[in-house]
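Undergrad: Only the shape, not the letters, is given here:
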C-alpha cells in the first residue's frame, strides 16, 4: 500500500538511499555524525563559538538535515547535554568505583563531586540557561543528582537533616556558582573540588 | 538672596507649607508615611496584592506624590527591601546578642540563619526578582552576608576552605530555594532553620 502510494506519487525512480528503510539508517548515521561533530567543535572552540554552519560542514551533512534533526541550535545543544547527562548518570549509578558502587559512600561522594565539577564546567553555558528557570532548577535531572547525593549521605550514616545537607552540598556544583568561582574569582576546579571534599567530610563526620 | 529670587518669581504670596524648607519637611514626612503604609499593606496582604493606589490612599497622600518619590512600583519595593536589609544588617553587625556581638560565633551563626530565613521568606518576591540576575546574585548585598558568615566561621575556628563552606551554608538561605522548600515541598521555616543548624554545627565541629 505504501509502495503503491510512493509509485503513484512518482517516487519509485529516486535513488535507493532515499527510500524509507534506508532513510532511517541514514538518519541514525547523520544524527551520530552531527552530534560527534558538534561535540568535537565545542571541545575545541567552546559552545558559544560554534555555529550550525560549522557543525553541518564538519559532519559533511547539509544544514537542512541538521535543522530537520534538531529543530534549532538550542535543540541540538539540549540533545548533547541530555546524552552527556545520561553517560554520567550511568557512571555514578552503575559504573566502576570510586564513582560507582564498590567504594565507600564517602569515597563515592568525593569522586562524584570532582566528576560533576568537570561536567558542570564543560557544560556551563547550557546548564546556566536551563537553571535560569526555577522549575528546571529544582526538577529532573536535578532530582536524580539530589537523590544520589542524599542516598550516599544516608549510607555514610550522616546524622541530622539529610535534605538540607544534600542541598547545601549540591549548591557547590551549581553551574552559575562554579562559573562565578572560576571566571570571576579565579579559583580552580581543583580548589572547588577541595571545598567539596571539606564539606563532604564534615557532614559525614569523617 | 533666595528670598529675593522667590519674591521676584512671585512665590512670596503662596502658603507657608509650600515654601522650600517646609516642602523638604513634607517630603520626608510623606516618604515615611508612604513607606509605613506600604509595609503595613504588604504585611497584611502580601507584596503581590498591593497596588500603588492602595499605598497612596492608605498613606493619605496623592498618587502623584507616591510616583514622584519612588518612580514606580518596582522603585518603591526596592526602597522597602533596601531599608529592611539595612535594619537587619545593623542587627547582626552591631545589635544585641545572640545575633550581634557578645554571643559565641556558633550561637551568632544559628541566630543569623533563623533571622535571615524569616527575612528571606517575608521578602521572597522581591529577592527572587533581584536574584534572577547572576550579577546581583553574587554581589552586594550578598557579599555583606557572605563576609559575615565567613567571619563567624573563621572566629569559630572552622577548618578547611572557608569560602566553599560559607557558600554551601548560604545556599540554604537563597530566596528561590527557601520558597521552593516551603511552597512546593511543604517544609516549615522551623525545619529549614534546623537544617541550617545541622550544617553550621558540623562545619564548625561542635
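TA: Cool, got the structure. Just so it is clear, the structure is predicted and the values come from calculations on it, not from any experiment.

Undergrad: all helices for chain A, in order.
TA: Under the criterion DSSP state H, helices of chain A are mapped to A:2-8, A:20-45, A:52-59, A:63-70, A:73-94, A:105-122, A:124-131, A:134-138, A:142-155, A:162-170, A:175-179, A:189-204.

Undergrad: okay, these, which one's buried deepest?
TA: helix A:162-170 (a mean of 22; mean count of other Cβ atoms under 10 Å in any protein chain shown). C-beta here means a position set from N, CA and C on the backbone, and glycine is covered the same way.

Undergrad: and that one, what does it pack onto?
TA: helix A:142-155, helix A:189-204, helix B:162-170, helix B:189-204 (3 or more Cβ pairs under 8 Å, 6 or more residues apart in numbering or on different chains; DSSP states H and E).

Undergrad: hang on, the earlier thing: want to throw the helices of chain A into JSON lines with mean pLDDT?
TA: Listed next are those as JSON lines, based on pLDDT from 0 to 100:
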{"stretch": "helix A:2-8", "mean pLDDT": "40"}
{"stretch": "helix A:20-45", "mean pLDDT": "84"}
{"stretch": "helix A:52-59", "mean pLDDT": "95"}
{"stretch": "helix A:63-70", "mean pLDDT": "92"}
{"stretch": "helix A:73-94", "mean pLDDT": "89"}
{"stretch": "helix A:105-122", "mean pLDDT": "96"}
{"stretch": "helix A:124-131", "mean pLDDT": "73"}
{"stretch": "helix A:134-138", "mean pLDDT": "55"}
{"stretch": "helix A:142-155", "mean pLDDT": "94"}
{"stretch": "helix A:162-170", "mean pLDDT": "96"}
{"stretch": "helix A:175-179", "mean pLDDT": "93"}
{"stretch": "helix A:189-204", "mean pLDDT": "97"}
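
Undergrad: looking at the helices and strands packed on helix A:162-170, which is closest to residue B:106?
TA: helix B:189-204 (5.3 Å; Cβ to Cβ).

Undergrad: relative orientation of that closest one and helix B:162-170 in degrees?
TA: Inter-element angle recorded for helix B:189-204 and helix B:162-170: 160 degrees (by axes from the mean of the first three to the mean of the last three Cα atoms, to 10 degrees).

Undergrad: so how far is helix B:189-204 from its chain's centroid?
TA: 22 Å (Cα atoms, centre = their mean, to the nearest Å).

Undergrad: what's the closest of the helices of chain A to residue B:153?
TA: helix A:189-204 (11.2 Å).

Undergrad: would a markdown table of the helices of chain A with distance to residue B:36 be doable?
TA: Output for the helices of chain A, formatted as a markdown table (distance: least, Cβ to Cβ, whole Å):
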| stretch | distance to residue B:36 |
| --- | --- |
| helix A:2-8 | 76 |
| helix A:20-45 | 55 |
| helix A:52-59 | 56 |
| helix A:63-70 | 56 |
| helix A:73-94 | 47 |
| helix A:105-122 | 46 |
| helix A:124-131 | 38 |
| helix A:134-138 | 32 |
| helix A:142-155 | 41 |
| helix A:162-170 | 36 |
| helix A:175-179 | 37 |
| helix A:189-204 | 43 |
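
Undergrad: That's all I had, so thanks and see you.
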